[in-house]
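Visitor: could you look at this predicted model? Sequence included:
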Amino acid sequence: MAEALFKAVVHARGEEDWRIESAGVAASEGVPATENTRLVAAERGLDLGAHRSKRATRSVIGPFSLVLVMEANHRRELQASMPDLADRIHLLTGMVGQNSDIWDPVGTDIENYRALADQIDDILGRGFARITTLTGGS
């Protein structure tokens, strides 16, 4: 959902040259988004029907100038396994001056997914200037 929300924010700002992809530290390959994720995305006009999960490997995240993670333990794990990329890996909440994890609502009711979408949207909107700075422009 974060990928789709981020693409929507970038598009709404008239930016077209961004490459945005999602990957999970412990993700299984090729799994579709959960039903609640798809439903909440659809409520916001976003289609996740074709989304499939992938792992955050060196080949996946290496080309990116910025890697945003939801939890501090994800950041630590990626930084430890890829120390040469450590300076690119940041907590999403860090984009708005916070240092907190974003809770994963998997397995809970749809209201928690809506709250997650609101939280991510808020951070992406308020933190866009910082994101732009860290990416070097796009």
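Guide: It's in.
Visitor: all contacts plus neighbour counts: C-alpha atoms, from now on.
Guide: Noted.
Visitor: in the lengthiest helix in the chain, which residues are buried?
Guide: Using DSSP state H, we find that the single longest helix of the chain is helix 110-126. Residues of helix 110-126 classed as buried: 110, 112-114, 116-117, 120-121, 123-125 (neighbour count, 16 or more other C-alpha atoms under 10 Å).
Visitor: again with stretch 90-103
Guide: Result for stretch 90-103 [16+ other C-alpha under 10 Å]: buried residues 90-96, 101-102.
Visitor: got TSV for these, with distance to A72, secondary structure and pLDDT too?
Guide: Shown next, in TSV, are these (distance: C-alpha to C-alpha, whole Å; DSSP: H, G, I helix; E, B strand; the rest coil; pLDDT from 0 to 100):
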residue	distance to A72	secondary structure	pLDDT
H90	9	strand	98
L91	7	strand	98
L92	10	helix	98
T93	10	helix	98
G94	10	helix	98
M95	13	helix	98
V96	15	helix	98
D101	6	coil	97
I102	9	coil	97
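Visitor: need those residues in a markdown table (columns: distance to D17).
Guide: Putting the buried residues of stretch 90-103 into a markdown table (distance: C-alpha to C-alpha, whole Å) gives the following:
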| residue | distance to D17 |
| --- | --- |
| H90 | 21 |
| L91 | 23 |
| L92 | 21 |
| T93 | 24 |
| G94 | 23 |
| M95 | 20 |
| V96 | 23 |
| D101 | 29 |
| I102 | 27 |
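Visitor: fine, thanks again, bye for now.
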